[in-house]
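S.K.: structure for the following, please:
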Amino acid sequence: MNNKNEPFLIHRIKSFGYAFKGLLLLLRTESSIQIQFFLALLVTAAGFYFEISSTEWILQIITIALVMSVEGLNTAIEKISDFVHPDFEPKIGFIKDISAGAVFITAIAAIIIALIIYLPKIA
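M.R.: Take a look at the predicted model:
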């Protein structure tokens, strides 16, 4: 994948392509990312509707990126765990549970941030 004689710019462009391919794979194959993407679109529309401040936009965008990134890492951990040990293994289950817990933490934080931003505007 990495050609040492390849020019830097060409290598960067290819790397961007691989990253974009990974994003599309996540969106096409993972229901949790699909739900999070839908929710991201929903809160983005809400941001325009309620005319949230620049600071609120920054917090919202960072939160969306964090939740979706951690979900992507969780998916990668699950896939590599299944590849390494396809049969049930308690230690692999422990690893998967920890990575799912990381997603849960970011999702709870995202809900709290959304409530802080939108509850005063709705009420």
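S.K.: need the helix or strand of the chain with the lowest average pLDDT.
M.R.: helix 8-29 (a mean of 93; mean pLDDT, DSSP states H and E).
S.K.: which helices and strands sit right next to the helix or strand following it?
M.R.: The helix or strand immediately downstream of helix 8-29 is helix 31-50, counting by DSSP states H and E. Here helix 31-50 touches helix 8-29, helix 54-84, helix 90-122, going by 3 or more CB pairs under 8 Å, 6 or more residues apart in numbering; DSSP states H and E. Using the backbone N, CA and C atoms, a C-beta is placed for each residue, glycine as well.
S.K.: mean pLDDT for those helices: which is lowest?
M.R.: Lowest mean pLDDT within those: helix 8-29, a mean of 93.
S.K.: next, the angle helix 54-84 makes with the least confident helix or strand of the chain.
M.R.: Angle, helix 8-29 to helix 54-84, by axes from the mean of the first three to the mean of the last three CA atoms, to 10 degrees: 80 degrees.
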